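In: Predicted model and sequence follow; I will ask about them next.
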Amino acid sequence: MMREPDIAKEYGIEHVSRCFKGLPQEVTKAVHACCGYPLYLDQEDYLKADRSLYGRLANKLDSAGFDRLSIEDAHCPTDLSFLSKFSHTTVVLGVVAIARSRVEPVEEIRGRVREALRFLPPHRLVLAPDCGLGFLPRDVLRAKLKNMVAAAKTFPEN
C-alpha cells in the first residue's frame, strides 16, 4: 500500500476495507501500513516508502472503516502533523525500529509520543514496534520493549 500510493488510493484501500465487511461490530479491524522491510539486521539501504505518503493517504484511510491503523515511524521518522487527519481511526504508532540493533532511549520514545499527542487524543494512540521483531536478538528485543513500556508509563492513562 505505501509503496504503491496511487493504487492504494484508486482501489487498494477500498479492497482491504471489503475484507472486513460482515464482521461483528465487536471485532477490531486493524491494518498495518508497511513502509518496507530490510533483508538483514541494521541494513540501511533497503527500499522504503516515501515519508509523505501517510499524509497523502490519511483521509482515505480514516474513512475506510478501519478501527486501527498501524504505521511505522521509528525506522523512518516523519512529520507527525498528518495524524490530525485521523478523526475516527486509532493510530498504532511504531516507536521502536524492528531491524536496527540500536536501542531507542526512553526519552527519545517519549519525544515521539509527545509529538504524536499534539495531533491525536491519547485514547486514539497506541504504541508499538514498527513491524515484526524477527531480526532482533532477544536481549535487544527485550531492551527495546522495556524502554517502550517505560516511556508509555510516563503518560497519564485516558
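Out: That came in fine, so what should we check first?

In: drop to CA atoms for contacts and neighbour counts, all remaining ones
Out: Fine.

In: Can you list the buried residues in the worst-scoring helix or strand of the chain on mean pLDDT?
Out: One helix or strand of the chain scores below all others by mean pLDDT, DSSP states H and E: helix 5-7, with a mean of 84. Across helix 5-7, burial judged by 16 or more other Cα atoms under 10 Å covers residue 5.

In: same thing with stretch 91-103?
Out: Buried residues in stretch 91-103, counted by 16+ other Cα under 10 Å: 91-101, 103.

In: got a list of contacts for whatever helix or strand comes next after the least confident helix or strand of the chain?
Out: Under the assignment DSSP states H and E, the closest C-terminal helix or strand after helix 5-7 is helix 13-18. When contacts are defined by Cα atoms under 8 Å, 6 or more residues apart in numbering, helix 13-18 is touched by residues 1, 60-61, 64-66.

In: Lowest-confidence entry in these?
Out: Lowest pLDDT of the contacts of helix 13-18: residue 1, 70.

In: for that one, what are its contacts?
Out: Residue 1 touches 7-8, 12-13, 33-34, counting by Cα under 8 Å, 6+ apart.

In: residue farthest from the centroid of the protein?
Out: residue 22 (25.6 Å; Cα atoms, centre = their mean).

In: In the buried residues of stretch 91-103, find the pair that's most separated.
Out: Farthest pair in the buried residues of stretch 91-103 (Cα to Cα) is 91 and 101. Separation: 24.8 Å.

In: Output stretch 55-70 as PDB, nothing but the C-alphas.
Out: Extracted in PDB, the C-alpha atoms of stretch 55-70 (Å, rounded to 0.1, in the frame of the first residue of the first chain):
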ATOM      1  CA  GLY A  55      -0.300  12.200   4.900                       C
ATOM      2  CA  ARG A  56      -1.400  11.700   1.300                       C
ATOM      3  CA  LEU A  57      -3.400   8.600   2.200                       C
ATOM      4  CA  ALA A  58      -4.600   9.700   5.700                       C
ATOM      5  CA  ASN A  59      -8.100  10.900   4.800                       C
ATOM      6  CA  LYS A  60      -8.900   7.900   2.700                       C
ATOM      7  CA  LEU A  61      -7.500   5.500   5.300                       C
ATOM      8  CA  ASP A  62      -9.500   7.300   8.100                       C
ATOM      9  CA  SER A  63     -12.800   7.000   6.100                       C
ATOM     10  CA  ALA A  64     -12.200   3.300   5.200                       C
ATOM     11  CA  GLY A  65     -13.800   1.900   8.400                       C
ATOM     12  CA  PHE A  66     -10.600   0.600  10.000                       C
ATOM     13  CA  ASP A  67     -10.600   0.800  13.800                       C
ATOM     14  CA  ARG A  68      -6.800   0.800  14.000                       C
ATOM     15  CA  LEU A  69      -4.100   1.700  11.600                       C
ATOM     16  CA  SER A  70      -0.500   0.600  12.300                       C
END
